[in-house]
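Engineer: Predicted model follows, preceded by the sequence.
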Amino acid sequence: MFQMPSHLISIAALLLAAAPAGAAWVLPSGTAADLGGGTVSMGCADILNGGTLALGAGGALTAARDVSTQAGALLALGDGRVELAGQWIPSGQVTASGGQVLRTASPGCPVAGQAGPVPLGNGAGAPVAVPTLDGWALAALSLLLAGIGRRTLSTQ
């Protein structure tokens with residue numbers, strides 16, 4: 001019987017774990033959405049706003065992974081809030097009258113970066129940096145996974 005080498009299993013597991021999910025809410029240029037004060041839980045999906053997105057009084061977008069407002073687009077927070085776990089990319093216009101953007105974890109969507117309030121940016125065009133693993137840390141993690149895989153295979 002063919003047995004796959006443990007280091008290949010570990011590499012495959014690492015690649016699968018690092019693969020981004022494909023779900024997203026995309027508003028193309030020229031489209032508009034208004035939550036009317038309601039709440040939408042994104043389930044760790046991305047928001048790609050190329051049109052106009054208004055939250056309304058007390059509205060909220062929660063459990064998002066990455067949120068991007070593209071150049072020429074508008075995100076009108078009002079006094080609502082956006083809760084995201086990853087990147088905040090405010091390349092378009094972001095307006096708020098008491099609203100806020102918060103980086104926070106949600107079920108299945110761990111926080112990447114500093115938790116807490118995120119500067120709105122208002123067309124700054126540069127994403128807010130999220131720390132990543134250094135090369136040495138990624139290599140150490142790969143070796144650890146390979147060791148676990150080797151141990152698991154040898155005990156079966």
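Structural biologist: Done, it's in.
Engineer: contacts, neighbours, all on C-alpha from now
Structural biologist: OK.
Engineer: isn't residue 79 right next to residue 97, touching?
Structural biologist: Yes. Between residue 79 and residue 97 there is a contact at 5.3 Å, judged by Cα atoms under 8 Å.
Engineer: Contacts only, for residue 38.
Structural biologist: Each residue near residue 38 by Cα atoms under 8 Å, 6 or more residues apart in numbering is listed here: 55-56, 58-60.
Engineer: Quick one: these as a markdown table, columns for pLDDT and distance to residue 92 too.
Structural biologist: Shown next, in a markdown table, are the contacts of residue 38 (pLDDT from 0 to 100; distance: Cα to Cα, whole Å):
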| residue | pLDDT | distance to residue 92 |
| --- | --- | --- |
| 55 | 93 | 16 |
| 56 | 87 | 18 |
| 58 | 89 | 22 |
| 59 | 93 | 20 |
| 60 | 94 | 19 |
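Engineer: From those residues, keep the buried residues only.
Structural biologist: Using 16 or more other Cα atoms under 10 Å as the burial test, those include 55-56, 58-60 as buried.
Engineer: quick one on the thing from earlier: in strands only, show me the contacts of residue 38.
Structural biologist: residue 60 (DSSP state E).
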